[in-house]
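# how would this look folded up:
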Amino acid sequence: MSDFPADIDVDYADGENEDPADYPSLQHKIEKAVEVTRQGLEQYDTPAVMWTGGKDSTLTVYFINEVAEEFGYEKPTAVFIDHFQHFDAITDFVEHWADAWDIDLVYARNDDVGAYVDEHGLEPGDDVPVAELSAHNQHHVREILEYEEDTFPFLLDTYVGNHLLKTVALNDALETHGIDGVISGVRWDEQEARADETFFSPRHDPDLFPPHDRIQPILQFDERDVWDAFWQVVVPETVAAFPDDGYVPESADDLPDGVSQDDIPISPKYFAGFRSLGSEVSTEKTTEKPAWQQDLEGTTERAGRAQDKEDLMERLRDLGYM
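Model prediction:
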């Protein structure tokens, strides 16, 4: 897809100079999410939603599912970027809820890197020779990243690893499926590199990625808002046996009678104490408390994510990372 569709009519300035405080209640935030989601499903010919299994993308998928069913839109495909270093529980969670919500799920993978890793029995952190990669991947390493070393570590949360395993995999999927609108669950407060995003954000440079727009319905949510939305709206409306009086469990053992973790569209990793989900080898937790019971206001959400260190995020986003 070398050209962006000329008939897309969205306001690329929507959300400029705003922050979560401009949406003073959870209801205001939800209404904006529904509005942006509806525009996204209406304006784009082949939208797709990026689904990581994390809380933000799952909340976004929930809004998509609700809006599509209420207004009669076709549900977009969900794209799961398989970077070969996932917690198994995350993959299982996404597949379970894709089936429950009747959403087509496709995997975006850098099969070239994956094949080399499998053939040579590599583990995370082992070196991958650049010369052994396809011309496509070598172009990204040498010409786009301007990386000069002979090898790079097979690690997701590094400059080369993240770009090849996530961004190149995503861009190849956009090309393969002709996707013109990528619905994403990024938030203004989540990371400094995302603070200036707008609800509709153009990515039209064909030298970097297949031209498309980013559609971002939950920019206006902060971390606490996300959990409030799950426990006040998503879970009660999804799980028939769950009370709708604002009940919030203190642990996995504190669920209402007749309700199990499998019934709830929240990854079990959050119940186990993880607050932000990345790769299995580079995401840490500091407490056993469920994510929503932690000090969200006084501590950093992504402190356990290695990719947020060394100022990687801004550079990676310029190249097409979410």
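# stretch 242-258 - what's its average pLDDT?
When pLDDT is averaged along stretch 242-258, the result is 94.
# check the offset of it from the chain's centre.
Here the centre of stretch 242-258 is set off from its chain's centre by 26 Å, with C-alpha atoms, centre = their mean, to the nearest Å.
# cool, stretch 211-218 as well?
That offset, for stretch 211-218, works out to 12 Å (C-alpha atoms, centre = their mean).
# with stretch 252-268 instead?
For stretch 252-268 - counting by C-alpha atoms, centre = their mean - the centre lies 23 Å from the chain centre.
# wait, residue 277 touches residue 87, no?
Yes: assessed by C-beta atoms under 8 Å, residue 277 is found in contact with residue 87 at 7.2 Å. No exception for glycine: its C-beta is placed from N, CA and C like everyone else's.
# the strands in this structure, which residues?
47-50, 77-81, 105-108, 127-129, 151-153, 181-183, 200-203, 212-215 (DSSP state E).
# possible to save those strands as JSON lines with mean neighbour count and distance to residue 99?
Formatted as JSON lines, the strands of the chain follow (neighbours: other C-beta atoms under 10 Å; distance: least, C-beta to C-beta, whole Å):
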{"stretch": "strand 47-50", "mean neighbour count": "25", "distance to residue 99": "15"}
{"stretch": "strand 77-81", "mean neighbour count": "22", "distance to residue 99": "11"}
{"stretch": "strand 105-108", "mean neighbour count": "16", "distance to residue 99": "8"}
{"stretch": "strand 127-129", "mean neighbour count": "15", "distance to residue 99": "34"}
{"stretch": "strand 151-153", "mean neighbour count": "17", "distance to residue 99": "35"}
{"stretch": "strand 181-183", "mean neighbour count": "27", "distance to residue 99": "19"}
{"stretch": "strand 200-203", "mean neighbour count": "18", "distance to residue 99": "30"}
{"stretch": "strand 212-215", "mean neighbour count": "24", "distance to residue 99": "24"}
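# between these, which gets nearest to residue 165?
strand 77-81 (7.8 Å; C-beta to C-beta).
# by contact count, what packs against that closest one?
strand 47-50, helix 88-100, strand 105-108, helix 169-177 (3 or more C-beta pairs under 8 Å, 6 or more residues apart in numbering; DSSP states H and E).
# what comes up buried for the longest one?
In other words, helix 88-100. Across helix 88-100, burial judged by 16 or more other C-beta atoms under 10 Å covers 89-90, 93-94, 97-98.
# low-confidence regions, the chain specifically.
1-2, 282, 302-322 (pLDDT under 70).
# could you pull out the helices for it?
Taking DSSP state H as the test, the helices found in the chain are 26-43, 55-71, 88-100, 111-120, 135-139, 159-162, 169-177, 223-229, 235-238, 268-271, 312-318.
# when residue 277 and residue 87 are compared, which one has more neighbours?
Legend: neighbour count by other C-beta atoms under 10 Å for residue 277 and residue 87, higher for residue 277 (24 against 20).
# residues in contact with the nearest residue to residue 49 once chain neighbours are set aside?
Distances taken as C-beta to C-beta, 6 or more residues apart in numbering place residue 183 nearest to residue 49, at 4.1 Å, with adjacent residues excluded. By C-beta atoms under 8 Å, 6 or more residues apart in numbering, the residues touching residue 183 are 37, 40, 47-50, 60, 64, 76, 215-217.
# what about 7 Å?
Counting by C-beta atoms under 7 Å, 6 or more residues apart in numbering, residue 183 makes contact with 40, 47-50, 60, 64, 76, 215, 217.
# using JSON lines, lay out the residues you listed together with distance to residue 234.
Shown next, in JSON lines, are the contacts of residue 183 (distance: C-beta to C-beta, whole Å):
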{"residue": "40", "distance to residue 234": "19"}
{"residue": "47", "distance to residue 234": "21"}
{"residue": "48", "distance to residue 234": "21"}
{"residue": "49", "distance to residue 234": "15"}
{"residue": "50", "distance to residue 234": "18"}
{"residue": "60", "distance to residue 234": "11"}
{"residue": "64", "distance to residue 234": "12"}
{"residue": "76", "distance to residue 234": "19"}
{"residue": "215", "distance to residue 234": "19"}
{"residue": "217", "distance to residue 234": "14"}
